[in-house]
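S.K.: Predicted coordinates and the sequence they were generated for:
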Amino acid sequence: IDILGPFPLAKGQCKFLVVAVDYFTKWIKAESLATITAANVQKFVWKNIITRCTPQSSTKETPFRLAYGTDAMIPVEVGEPSFRRTHFHEESNNGAIRAELDIVDEVREKSQVIAEACKQRMTRRFNSKIKPRSFQEGDLVWRSTGSARRSSTEGKLAANWDGPFRVRHTLNNGSYKLEELSGKIIPRTWNSTHLKTYYS
C-alpha cells in the first residue's frame, strides 16, 4: 500500500492518493482522500481489500475470484510467509492461473445458482410472515388517505385514514369496489394494502 501526494486539489478537496497493488495478480486499487489519517487508510483497506477477499454468504465466493478468476493475496500474506508464497514457482504459476481462468465460468454459474437459492430462501422467509388481509362483501373498512387526497391546509396533522366505507364487490388479487354508507359508489378499485377493518 502506497500513499501519494499532495496533488493539486480535486473534487471533494481530495489531494492525496492511496494505492494498493497485489503483486501476485497485478490487481490495483486506488482511492483519493482529502486527508491522510489512520482512520481513512483503515477504511480504505477494509472497504477495498478485506471485504473483496471474504467469501460472501450469497455466492460462497469472493467478489475478486468471480471477477478475476483467482483468489486475491491479502495484505497479511505480503509480510508473513504463507503457503502460496513459500510454494510459489514462476513457471507453474502461469499454468495454474490459466487453469483457474478456464474454470471461472463454471465458478460464476455455480455462484449464480447459489445466489438464486438464497433469494428464494429470503422470499420464503418474507412471505411466511405476511398475513393476508381479506374482506367480505358488506364489511366496513377504512381507506388510506394518500397525499393527493389529503388537505394541504392541515399539513402533517391531516387524517391518514378516510371512511368508513362498505365493500361492494370482491375482485381478484385482493382488489375491492367500495361504496359510501349512503350507497354512492366510489369510482375505482382499491387494493387491500390501502384498506383496513373498521371496528364500530
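M.R.: Alright, I've got the coordinates.
S.K.: C-alpha from now on. contacts and neighbour counts both.
M.R.: Noted.
S.K.: mind listing the strands for this structure?
M.R.: 2-4, 16-22, 27-33, 140-144, 161-170, 175-180, 185-191, 195-197 (DSSP state E).
S.K.: And the ones you listed: which comes nearest residue 85?
M.R.: strand 16-22 (12.6 Å; Cα to Cα).
S.K.: mind checking how far the closest one is from the chain centre?
M.R.: Averaging C-alpha positions (Cα atoms, centre = their mean, to the nearest Å) puts strand 16-22 27 Å from its chain's average.
S.K.: contact partners of it?
M.R.: 1-7, 27-36, 41, 44, 72-74 (Cα atoms under 8 Å, 6 or more residues apart in numbering).
S.K.: can you do 7 Å?
M.R.: Strand 16-22 has contacts (Cα atoms under 7 Å, 6 or more residues apart in numbering) with 1-7, 27-35, 73.
S.K.: Which among those count as buried?
M.R.: 3, 32-34, 73 (16 or more other Cα atoms under 10 Å).
S.K.: From the contact counts, what lies against the longest helix seen in the chain?
M.R.: Ranked by residue count, the top helix of the chain under DSSP state H comes out as helix 104-128. Based on contacts counted as 3 or more Cα pairs under 7 Å, 6 or more residues apart in numbering; DSSP states H and E, there is no element that helix 104-128 packs against.
S.K.: can you pull the buried residues of it?
M.R.: By neighbour count with 16+ other Cα under 10 Å, helix 104-128 contains the buried residues 104, 107-108, 111, 114-115.
S.K.: quick check, distance from the lowest-mean-pLDDT helix or strand in the chain to the centre of its chain.
M.R.: Every helix and strand of the chain was ranked by mean pLDDT, DSSP states H and E. The lowest is helix 75-79, at a mean of 74. Distance, stretch centre to chain centre, for helix 75-79: 30 Å (Cα atoms, centre = their mean).
S.K.: got the CA positions of it in CSV?
M.R.: The C-alpha trace of helix 75-79 is given here as CSV (Å, rounded to 0.1, in the frame of the first residue of the first chain):
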residue,chain,number,x,y,z
PRO,A,75,-2.0,-7.8,2.8
VAL,A,76,-1.1,-10.1,5.6
GLU,A,77,0.4,-12.6,3.1
VAL,A,78,2.8,-9.9,1.8
GLY,A,79,4.6,-9.5,5.1
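S.K.: what about this structure, any weak spots by pLDDT?
M.R.: Filtered on pLDDT under 70, the chain yields the residue ranges 52-57, 147-151.
S.K.: Would you map out the domains in it?
M.R.: 2-128, 140-197 (automatic domain parsing).
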